[in-house]
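K.L.:
need coordinates for the following:
(2 chains)
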Amino acid sequence: MTAFFRVAWLIFRKDLAVEARSWELVSTTVFFSVACLLVFTIALINEGQAVGDVAAGILWVAIAFSGTLALGRTFERERQTDTLRALMLAPADRPALYVGKLLGILFLMLLTEVILVPLVALFFQAPIVDWPLHLAALLLAGTLGYAAVGTLFAAMLVRARSRDVMLPILLYPITVPVIIAGVRGTAALFQETPDAALAQFWLALLVFFDVVFVTLALWTFEPVMTE
Amino acid sequence: MRKYTHILLGAALLVFALAPVLIHRAPYESTMGLVQKIFYFHLPGALMMLFIALFAGVMSGIFLFTKKPWADHYALAAAEQVVLFGAMTLVTGPLWARKAWGVWWEWDARLTSSLLLWMIFIAYLLLRRFGGPGSDKLGAGMALFALANVPFIYVSVNYWRTLHPKTTVVPNLVPPMAGPMWWAFAGFVLMSLVLFALRVQQEEQRARVEALYLAADEG
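P.N.:
Residues are numbered from 1 along each chain as shown, chains lettered A, B, ... in the order given. Next up, the predicted model:
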């Protein structure tokens, strides 16, 4: 079991080391997510006022879109240098490879959120400091669920044709529960009288989603990735 | 075409020929009037979609873990039928909703989960069509995820608000209405079996041709 986590940790560290040399993924993903936020803000703000409780929705759409971009690029990098095959040949548990990649994606997406959330607070006067733990837990659980499905699909699609367009096509319908729960939970915290109990309900749903889909991904990663 | 396919096809045609007569003779529903007749297509279509989607998920699981080609042929044929019956459900549903609720569409649990299930299977077919080599395995993984996803979609959307009639409608149906409904369902089952038989056979032949091409290239 320790070997499993060691492999996952090593892959995570490898991804961080590669990223630290170029900053390609961090810079592009963060910029893309901010651009996304701006486009939605411009589309949905009328005469200086946001239409309804859109802040939570815009936040999660930006997270989902930039997440897709990050997933695609991470695995494109592995494909170009043919290093995914090398990873597959390594005498390590396949599910450990998956966990390592998942940690890398999760780290990148959370880093993006650290920049996105204050911006949403700035643009929409969203009260992010009233229930910081609830908000952080919702973001973490939602991102984990999204990244868990996304990492598996992006890994599967590495060898497929038209993978760039296939990833969002496959990923968005499956991750709809994450988006619904994330948006509704965050909206419950952003409304004028925050409803922590409602946020907790959505958080519970997200955690349940995470457990089911991480298990399923660990289980299917081996047969799906075997040539 | 195999012999039993002919028999199934004949039976399906017979059932479909009689269905309009039975539906016509069923009593008028007091508030909905003629529009209620949509129900005889809508509910059996939705049931078929659900059962076949379940079947596609199970077949995909079998294919993923045993690599038996027949399971993949069944999964693909089933996925196509999910899209077919889903389209039927999603076209007849809004027609009913317009009369019953005054709107074409409502983000209700059943509607949203049906729409998403339908979209997931369209995505599956797109992957199979354009994914290139290896897309059979990717599709199987996708279908398995789709299956696990349905309860989540249902619970999450259910927390908003639900307008759709509850499942208690079916057991409480008056016999003159239940008769044509189950008759139509039987017709769909027969039609589905005919399509299955043809499609699976076609996939088997395609796989054989592919194997022959591969063998010819090697030889």
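K.L.:
give me the buried stretch members for stretch A:147-162, please.
P.N.:
Across stretch A:147-162, burial judged by 16 or more other CB atoms under 10 Å in any protein chain shown covers A:147-157, A:159-160. Yep, even glycine has a C-beta here, placed from its N, CA and C like the rest.
K.L.:
so how far is stretch B:43-57 off the chain centroid?
P.N.:
In terms of CA atoms, centre = their mean, to the nearest Å, the centre of stretch B:43-57 is found 4 Å from the chain centre.
K.L.:
alpha carbons of it, in PDB - could you do that?
P.N.:
What follows is stretch B:43-57, C-alpha atoms only, in PDB (Å, rounded to 0.1, in the frame of the first residue of the first chain):
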ATOM      1  CA  LEU B  43     -44.400   6.100 -21.300                       C
ATOM      2  CA  PRO B  44     -43.500   2.900 -23.200                       C
ATOM      3  CA  GLY B  45     -40.800   4.800 -25.100                       C
ATOM      4  CA  ALA B  46     -39.400   6.100 -21.800                       C
ATOM      5  CA  LEU B  47     -39.500   2.700 -20.300                       C
ATOM      6  CA  MET B  48     -37.700   1.200 -23.300                       C
ATOM      7  CA  MET B  49     -35.000   3.900 -23.100                       C
ATOM      8  CA  LEU B  50     -34.400   3.200 -19.400                       C
ATOM      9  CA  PHE B  51     -34.200  -0.600 -19.800                       C
ATOM     10  CA  ILE B  52     -32.000  -0.500 -22.900                       C
ATOM     11  CA  ALA B  53     -29.700   2.000 -21.300                       C
ATOM     12  CA  LEU B  54     -29.300  -0.300 -18.300                       C
ATOM     13  CA  PHE B  55     -28.600  -3.200 -20.700                       C
ATOM     14  CA  ALA B  56     -26.000  -1.100 -22.600                       C
ATOM     15  CA  GLY B  57     -24.300  -0.300 -19.300                       C
END
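K.L.:
could you give the average pLDDT over it?
P.N.:
For stretch B:43-57, mean pLDDT is 90.
K.L.:
try stretch A:131-144
P.N.:
The average of the pLDDT scores along stretch A:131-144 is 95.
K.L.:
output the lowest mean pLDDT helix or strand found in chain A.
P.N.:
Lowest by mean pLDDT, DSSP states H and E among the helices and strands of chain A is strand A:49-50, with a mean of 73.
K.L.:
who touches that one?
P.N.:
A:44, A:124 (CB atoms under 8 Å, 6 or more residues apart in numbering or on different chains).
K.L.:
beyond that strand, next helix or strand please.
P.N.:
The helix or strand immediately downstream of strand A:49-50 is helix A:55-80, counting by DSSP states H and E.
K.L.:
how far does that next one sit from its chain's centre?
P.N.:
In terms of CA atoms, centre = their mean, the centre of helix A:55-80 is set 7 Å apart from its chain centre.
K.L.:
that one near chain B anywhere?
P.N.:
No: with CB under 8 Å from any CB of the partner chain as the criterion, chain B is not reached by helix A:55-80; the gap is at least 13.1 Å.
K.L.:
who's sitting farthest from the centroid in chain A?
P.N.:
In chain A, counting by CA atoms, centre = their mean, A:Glu47 sits farthest out from the average C-alpha position, at 32.4 Å.
K.L.:
now do that residue, the pLDDT please.
P.N.:
76.
K.L.:
any idea which residue of chain A lies closest to chain B?
P.N.:
Nearest residue of chain A to chain B: A:Arg161, at 3.2 Å (CB to the nearest CB).
K.L.:
using the three-state scheme, assign that residue.
P.N.:
coil (DSSP: H, G, I helix; E, B strand; the rest coil).
K.L.:
thought B:Gly131 was touching it, still the case?
P.N.:
Yes: applying CB atoms under 8 Å, one finds A:Arg161 in contact with B:Gly131, separated by 6.1 Å.
K.L.:
helices of chain A, start to end?
P.N.:
Using DSSP state H, the helices of chain A run over A:2-22, A:24-44, A:55-80, A:83-89, A:94-124, A:132-156, A:163-174, A:176-190, A:196-225.
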